[in-house]
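In: Here is a sequence with its predicted model. Questions after.
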Amino acid sequence: MMKVSVKIPVRQILDRLGLGRSYEAQVYLAKAVRDRCDKYVPYDTGALRSSATVSKDGGKITYTMPYASRQFYEKYHHRDPNRGDHWHRRMLRREKQSLLRQMERYWKGAHQ
């Protein structure tokens, strides 16, 4: 019987993909989602859309206007049928495949 030991540099692989301690890939994805959601966020003056921020680790997108949660969670009808409540779901229904391709390009090194 032969014993084989394989060392896999998991931390280095994760760091290279932006999935390690830097959160680079997660931040990239969160910013891409935020940007793609722009055309689905209710729009009057643009204040709500402009208030979107991404957390340092990319784990959260926050809209800071006082009325943001009401427009997000409650049924909201906008004159533009693409805009309204739960705008991230609206975006994903229409742009999920494109977003996945964008992330694939990121991981293949197009971001460097």
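Out: Right, received. Where do you want to start? What you see is a predicted model; the values in this text were computed from it and never measured. Numbers count the residues shown, from 1 in each chain.

In: in the protein, which ranges drop under the pLDDT threshold?
Out: Along the chain, the model assigns pLDDT under 70 to residues 5, 110-112.

In: all helices for it, in order.
Out: Secondary structure of the chain (DSSP state H): helices at 10-16, 24-37, 47-50, 68-73, 87-105.

In: neighbouring contacts of the third one?
Out: The contact list for helix 47-50 (CB atoms under 8 Å, 6 or more residues apart in numbering) reads 38, 41-43, 63, 65, 67-68, 71. Using the backbone N, CA and C atoms, a C-beta is placed for each residue, glycine as well.

In: which two in these are spaced the farthest apart?
Out: Across the contacts of helix 47-50, no pair lies farther apart than Asp38 and Tyr67, at 17.2 Å, counting by CB to CB.

In: more neighbours, these two?
Out: Taking other CB atoms under 10 Å, Asp38 and Tyr67 do not tie; Asp38 has more neighbours (15 against 12).

In: and the more buried one, what is it in contact with?
Out: 49, 52.

In: Repeat the analysis, applying 6 Å as the threshold.
Out: Each residue near Asp38 by CB atoms under 6 Å, 6 or more residues apart in numbering is listed here: Arg49.

In: One more: the one 5 residues further on?
Out: Applying CB under 6 Å, 6+ apart, we find Tyr43 in contact with Arg83.

In: how near is it to Gly18?
Out: Relative to Gly18, Tyr43 is positioned 31 Å away (criterion: CB to CB, to the nearest Å).

In: May I see the contacts of helix 47-50 arranged in CSV, with distance to Lys108 as well?
Out: Formatted as CSV, these follow (distance: CB to CB, whole Å):
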residue, distance to Lys108
Asp38, 25
Val41, 30
Pro42, 35
Tyr43, 34
Tyr63, 31
Met65, 37
Tyr67, 40
Ala68, 35
Gln71, 37
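
In: closest to Arg83 among those?
Out: Closest to Arg83, out of all of these and judged by CB to CB, is Pro42, at 5.0 Å.

In: Does that closest one touch His77 like I think?
Out: No - with contacts counted by CB atoms under 6 Å, Pro42 stays clear of His77, the gap being 9.2 Å.

In: The two - which one has more neighbours?
Out: Pro42 (19 against 10).
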